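Enquirer: Requesting a structural model of the entry that follows:
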Amino acid sequence: MPVQFVHLDSGETDTTESFFSDHFLRARIDDNKPSSKGYDPIFEVGRNANWLQEHEKEIKQNNLEYEEDVNQYICLMLAEMVNPRSTVLARQYLVGANSDAGQIAIDLKLQSQKYQVYRINADFLLFHLGLFSSYTNILGNKYFDKGGSYYNAAACSLRNARGGRSGLSDVLEKLSLKFGKYVDILRYMKNQSSNYFSFHFKFSNEDMVRFQKLQFE
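Expert: You can find the predicted model right below:
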């Protein structure tokens, strides 16, 4: 759920979802990383089941080039991250960048729980590398493979839990395949926004210190 806040510099009221959406989409445009570059949609209207089955590979390839759903996911997750209520699940499943989330997932019986472990750690790694680390501009592609593998594991676990492909599993797959691209967009967004953190949110100092330490334990 979006959190309403007041900008410290301008005094204007905004919501976290609107704030992140505006900054992220502007960064994509300014950094020449459009949301549907090379997208050539295969129209499915009037196609029968046999045609869809025969062209499943081509449809999926085209769909993976469409990224408006990824834009929405990233903006919603950023808005959720600065919501104090979201820290409860993070405390349970979050590991450091040098640790392996799979060591937690392997002991879980439910695919839905495995999905939560991998997604939470993938999201935190994405935002840590792109935004929250003070070393974002010198980390390069360190941890990119790990972030991509976490999103891939999250997508697979979600498909297993729900019995097949879904819109969310597609988003996670796109993040898996283009993890570095989205880190770069977030880094660009951070570097272009002088007032990026000009909002008030209610992480306790203890939570912030813990999250920062976790990343490099």
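
Enquirer: Please, where are all the helices along the chain?
Expert: 16-30, 49-54, 56-64, 68-81, 87-93, 102-105, 111-127, 144-162, 167-177, 179-192, 205-214 (DSSP state H).

Enquirer: Please identify the buried residues of the longest one?
Expert: The reference is to helix 144-162. For helix 144-162, the buried set under the neighbour-count rule, 16 or more other C-beta atoms under 10 Å, comprises 144, 146-159, 161. (Each C-beta comes from the backbone N, C-alpha and C, glycine too.)

Enquirer: And for the shortest one?
Expert: Buried positions in helix 102-105, judged by neighbour count with 16+ other C-beta under 10 Å: Gly102, Ile104, Ala105.

Enquirer: Show me what the mean pLDDT comes to for that helix.
Expert: Here helix 102-105 scores 91 as its mean pLDDT.

Enquirer: Which residues does it contact?
Expert: Outside helix 102-105, the residues within contact range by C-beta atoms under 8 Å, 6 or more residues apart in numbering are Tyr93, Val95, Gln113, Lys114, Val117, Tyr118, Ala153, Ser157.

Enquirer: Would you point out the most distant pair within those residues?
Expert: Val95 and Ser157 (16.1 Å; C-beta to C-beta).

Enquirer: ok, of the buried residues of helix 102-105, which one's closest to Arg85?
Expert: Closest to Arg85, out of all of the buried residues of helix 102-105 and judged by C-beta to C-beta, is Ile104, at 21.3 Å.

Enquirer: Next one: the closest one from Ser18, what distance?
Expert: 34 Å (C-beta to C-beta, to the nearest Å).

Enquirer: Repeat that for Ala27.
Expert: For Ala27, the distance to Ser18 - C-beta to C-beta - is 15 Å.

Enquirer: got it, and Asp170?
Expert: Asp170 is 25 Å from Ser18, by C-beta to C-beta.

Enquirer: cool, and Arg165?
Expert: Relative to Ser18, and taking C-beta to C-beta, Arg165 is found at 30 Å.

Enquirer: what do you get for Val6?
Expert: For Val6, the distance to Ser18 - C-beta to C-beta - is 13 Å.

Enquirer: and if you look at Ile74?
Expert: Distance from Ile74 to Ser18, by C-beta to C-beta: 14 Å.

Enquirer: When these two are compared, which one has more neighbours?
Expert: More neighbours surround Ile74 than the other of Ile74 and Ser18, with 23 against 13 (other C-beta atoms under 10 Å).

Enquirer: my guess is that one meets Phe24, correct?
Expert: Yes. Judged on C-beta atoms under 8 Å, Ile74 makes contact with Phe24 at a distance of 6.1 Å.
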